[in-house]
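Q: Next one to model:
(2 chains)
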Amino acid sequence: MKKVIAREKLPELWKSLSAQGPLFLPVQEGPVVLFQQWQEGAKINLEATNTAVPPKDLFLPREETYMQYRCKGKELEVIPAEEVKPAVLFGVHPCDLSAVELLDKVYIEQDPADELYKIRRENTTVVALSCTEPDPFCFCNDFAINPADAPGADVVAHLKNGSLLLEAGTDKGKTLLKQAEDLLEDGSGQSFEPGEVKTADFGLKLEGLPENLKNRFDDSAWDELYKSCLGCGVCTYVCPTCYCFDVEDFGHEAGGERFRCWDSCMYGHFTEMAGGHNPRPGRKERIRQRFMHKLQYYPETFGQIACVGCGRCLRSCPVNLDIVQAIQTFGGETVEQC
Amino acid sequence: MSSVNVLLPQQATILDITEETPDIKTLRVVGKDGLPFDFMPGQCAMLSIPPLGEAIFSITSSPTCRECLEFSIKDVGKVSGALHSVVPGQQIGIRGPYGNGFPVDEMKGKDLLFIGGGIGLAPLRSLISYCFDHREDYGHIDIVYGARSPADLIRKGEVKESWAEEPDTDVHLTVDAEFPDWDGNVGFVPTYVEELGFKPENKIAITCGPPIMIKFVLQALDKLKFSPDQVITTLEMRMKCGVGKCGRCNLGPVYVCKDGPVFTLEELNALPAEY
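A: Numbering: from 1, shown residues only, chains lettered A, B, ... in the order given. Prediction:
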């Protein structure tokens, strides 16, 4: 199903979709663009290359209360949170869509599925938006992602000649386009052929990298690589493929809630045990964990590198200790077996 | 169809509490209708006491005990501390079971050597009890158990009386230093294991205890010519989810909560030594 809408009519489309459920899309907030729920007057920015924070928030919220508890005398009552309502996520770029698919492998395909994530994923219709111009930090081409296309989305959208072209790829996508059919025109005569967009070439050698890294846990390169790290954790918060979380209670003895929230392997408390022992006590161990997980551990389990080249860690790291540097340090070189 | 959030605990009730040592208590816990879930020796459960949260503990009882689950818990942190102040009849949250458990089928027909230190007897106790309940499946059983002092040995009555009385079973107790009225061995567990001179033929060694003890027990077993596939241990790491998602117990390609906590030394040698 192919549809088209003139750009000046988009505000009507946002309004119409919002009337049916929460609609999240890239909104300009001062100097940054973030995925936010649409409201009247929101400054939508479909031109932005990448939002400051990836849309993983929609499926793995940065905070999510999943139960209430009440204690009375010796009794404990557990009250599960209500199920989330269907939503539309509009304007996800191909790199971020690929990242969500990487999370799906852990949160849905790997037994047992994480129901909180799975329900949000099932209840969300994802409209991907192809990129026309990557920024200097984008390197998704390295991961066989064409920013001009987004196979796998419920709807793929392209900005072209003052219009937004929309093509449904799934039943959920068709349903969405039907819901807005009063505003959409038939797009069957339009060309939806994605072009090709070239992203930055950092000279990364990815072939064989996971296998190569297997023998480099004790490599002396780690002794240097971590040194500039401040341990701020921003890389993990802005990374679309980072998915670690914490679980905590908030409340008092009579009642309260249990929630989970994003956490970061860059922090010392992350692995610190009750007795005080910490298997990853310093920044070296934590930097190694993060890069090894993306480049070796995840690929060993799921067959692909857990990076999509979105460039957020390049833009955000205050000391430029990003994944490109890690890949350049370890990529493509032959290992001397010890 | 409504699906189930694996992070949601179910209610469990404390039946009774046994004070094992000054800082270890054993809680007997029952679900709404008997056992909260089926499990295998070596598996763990997440216990919760709001508002202090959740922590993971190995199940100390054997699945052959159908009345309740037992947890021998050392008071070392926030949740374990709160679990030390529960009273009979109090409800707590429980979810599980988590982890792979001990390879009870692969161990059939073998002689077993259990080596425990301090609270490390907790997960071993589930397996030891299971083996006694399936006595014909296993060969000779040796149990080496040690602690800092006689007062720090857990389940003393059971260890000294019932286990020592089991057929084809030897119990070897040791404490770190001389104590009045102590007639057992004096010395560290790894040294005692070496002194006892166990032969590796047709034997599986299963060990759990403080990391420093495990380290030297592994060296002792190596000296006694046990091969890495004959040695089994169970790891302890910080965990939040128990289902291989939250990331804390990630070790190379495995998550200790779901792929462990039980590993052979051979498997462990292939993983980053970050535990």
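
Q: of all of the stretch 51-200 of chain B, which residue lies closest to chain A?
A: The nearest approach of the stretch 51-200 of chain B to chain A comes at B:Gly77, 2.8 Å away (Cβ to the nearest Cβ). Backbone N, C-alpha and C define where each C-beta goes, glycine included.

Q: so who does that residue touch?
A: With contacts defined as Cβ atoms under 8 Å, 6 or more residues apart in numbering or on different chains, B:Gly77 is in contact with A:Met273, A:Ala274, A:Gly275, B:Ala55.

Q: Confidence-wise, which of those comes last?
A: Here the lowest pLDDT out of the contacts of B:Gly77 sits on A:Gly275, with 85.

Q: In this structure that residue contacts B:Val76, no?
A: Yes. In this structure, A:Gly275 is within contact of B:Val76 by Cβ atoms under 8 Å, at 4.7 Å.

Q: The two: who's more crowded?
A: B:Val76 (17 against 14; other Cβ atoms under 10 Å in any protein chain shown).

Q: and that one, what are its phi and psi?
A: Torsion angles at B:Val76 (phi, psi; degrees, to the nearest 10) stand at phi -120, psi -10.

Q: Going along the chain, name the helices of the stretch 1-150 of chain A.
A: A:10-20, A:94-104, A:115-122 (DSSP state H, counting those that start in this stretch).

Q: mind listing what's buried in the last one?
A: With burial defined by 16 or more other Cβ atoms under 10 Å in any protein chain shown, the residues of helix A:115-122 counted as buried are A:Glu115, A:Leu116, A:Tyr117, A:Lys118, A:Ile119, A:Arg120, A:Arg121.

Q: Tell me which of the helices of the stretch 1-150 of chain A is the most buried.
A: helix A:94-104 (a mean of 23; mean count of other Cβ atoms under 10 Å in any protein chain shown).

Q: hmm, it touching chain B?
A: No. Applying Cβ under 8 Å from any Cβ of the partner chain, one finds helix A:94-104 separated from chain B by no less than 9.8 Å.

Q: burial of A:Gln81, as a residue count?
A: Check again: residue A:81 is Ala, not Gln. 16.

Q: picking that back up, would you reformat the helices of the stretch 1-150 of chain A as TSV and include mean pLDDT?
A: Formatted as TSV, the helices of the stretch 1-150 of chain A follow (pLDDT from 0 to 100):
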stretch	mean pLDDT
helix A:10-20	94
helix A:94-104	97
helix A:115-122	95
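
Q: so where is chain B shaky, pLDDT-wise?
A: The model of chain B has pLDDT under 70 over residues B:1-3.

Q: all strands for chain A, in order.
A: Remark: strands assigned in chain A by DSSP state E are A:2-6, A:23-29, A:32-37, A:63-72, A:75-80, A:87-92, A:124-129, A:155-160, A:163-168, A:185-186, A:245-251, A:255-262.

Q: Which of those strands sits closest to B:Tyr192?
A: Across those, B:Tyr192 has its closest neighbour in strand A:245-251 (40.0 Å, Cβ to Cβ).

Q: Walk me through which strands that closest one pairs with, and which way each runs.
A: Note on strand A:245-251: by DSSP bridges, its sheet partners are strand A:255-262 (antiparallel).

Q: Dump the C-alpha coordinates for the strand it pairs with into PDB.
A: Provided in PDB are the C-alpha atoms of strand A:255-262 (Å, rounded to 0.1, in the frame of the first residue of the first chain):
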ATOM      1  CA  GLY A 255       3.300   0.600  50.200                       C
ATOM      2  CA  GLY A 256       5.100   1.800  47.100                       C
ATOM      3  CA  GLU A 257       6.200   0.700  43.700                       C
ATOM      4  CA  ARG A 258       8.800  -1.300  41.900                       C
ATOM      5  CA  PHE A 259      10.300   0.100  38.800                       C
ATOM      6  CA  ARG A 260      13.100  -0.600  36.400                       C
ATOM      7  CA  CYS A 261      15.300   2.100  34.800                       C
ATOM      8  CA  TRP A 262      18.200   2.300  32.400                       C
END
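
Q: what's around the residue in chain A that chain B sits nearest to, how many residues?
A: Nearest to chain B in chain A, going by Cβ to the nearest Cβ, is A:Ala274, at a distance of 2.8 Å. For A:Ala274, the count of nearby residues is 16 (other Cβ under 10 Å).

Q: Find the residue closest to it in space, skipping its chain neighbours.
A: Nearest-residue entry for A:Ala274: B:Gly77, 2.8 Å, with adjacent residues in sequence omitted and distances by Cβ to Cβ, 6 or more residues apart in numbering or on different chains.

Q: Show me which residues of the stretch 101-250 of chain A sit near chain B.
A: Counting by Cβ under 8 Å from any Cβ, the stretch 101-250 of chain A sits next to chain B at A:106-107, A:110, A:112, A:114-116, A:118-119, A:217, A:243-250.

Q: which of the buried residues of helix A:115-122 lies closest to A:Arg283?
A: Among those, A:Tyr117 lies closest to A:Arg283 (Cβ to Cβ), at 29.5 Å.

Q: What residues does that closest one make contact with?
A: A:Phe59, A:Leu60, A:Leu103, A:Tyr107, A:Ile108.

Q: Greatest separation within these: which pair is it?
A: Applying Cβ to Cβ across these, the maximum distance is between A:Leu60 and A:Ile108, 11.6 Å.

Q: Neighbour count for the two, which is higher?
A: The neighbour comparison of A:Leu60 against A:Ile108 (other Cβ under 10 Å) goes to A:Leu60, with 24 against 17.

Q: Report the contact partners of B:Lys108.
A: By Cβ under 8 Å, 6+ apart, B:Lys108 lies in contact with B:Asp137, B:Tyr138.

Q: doesn't it fall inside a strand?
A: No. Under DSSP: H, G, I helix; E, B strand; the rest coil, B:Lys108 falls outside any strand and is assigned coil.

Q: From A:Asp246, how far off is it?
A: Distance of B:Lys108 to A:Asp246, given as Cβ to Cβ, to the nearest Å: 41 Å.

Q: What of A:Arg288?
A: According to Cβ to Cβ, A:Arg288 stands 21 Å off from A:Asp246.

Q: What about A:Asp171, how many residues nearby?
A: Counted with other Cβ under 10 Å, A:Asp171 comes out at 9.

Q: Can you give me the pLDDT of it?
A: pLDDT, A:Asp171: 96.

Q: before we move on, what about A:Leu166?
A: 95.

Q: and A:Gly187, what does it touch?
A: By Cβ under 8 Å, 6+ apart, the contact set of A:Gly187 is A:Lys2, A:Lys3, A:Val4, A:Leu165, A:Leu166, A:Glu167.

Q: of these, buried ones?
A: Using 16+ other Cβ under 10 Å, the buried ones in those are A:Lys2, A:Lys3, A:Val4, A:Leu165, A:Leu166, A:Glu167.

Q: Identify the farthest-apart pair in those residues.
A: Across the buried ones among the contacts of A:Gly187, the longest distance by Cβ to Cβ is 9.8 Å; it joins A:Val4 and A:Glu167.

Q: OK, contacts around the closest residue in space to A:Glu77 that isn't next to it in sequence?
A: Spatial nearest neighbour of A:Glu77, excluding adjacent residues (Cβ to Cβ, 6+ apart): A:Arg70 at 4.4 Å. Neighbouring residues of A:Arg70 by Cβ under 8 Å, 6+ apart: A:Leu76, A:Glu77, A:Ile79, A:Ala254, A:Gly255.

Q: Isn't A:Gly91 up against A:Leu46?
A: Yes. In terms of Cβ under 8 Å, A:Gly91 counts as a neighbour of A:Leu46; the distance is 5.8 Å.

Q: Reduced to three states, what does B:Val144 come out as?
A: Secondary structure, three-state DSSP: B:Val144 is strand.

Q: Tell me the bridge partners for it.
A: With DSSP bridges as the rule, B:Val144 is bridged to B:Ile115, B:His172.

Q: ok, it - how many residues close by?
A: B:Val144: 24 neighbours (other Cβ under 10 Å).

Q: Same check on the one 5 residues further on?
A: Other residues near B:Ser149 number 14, with proximity taken as other Cβ under 10 Å.
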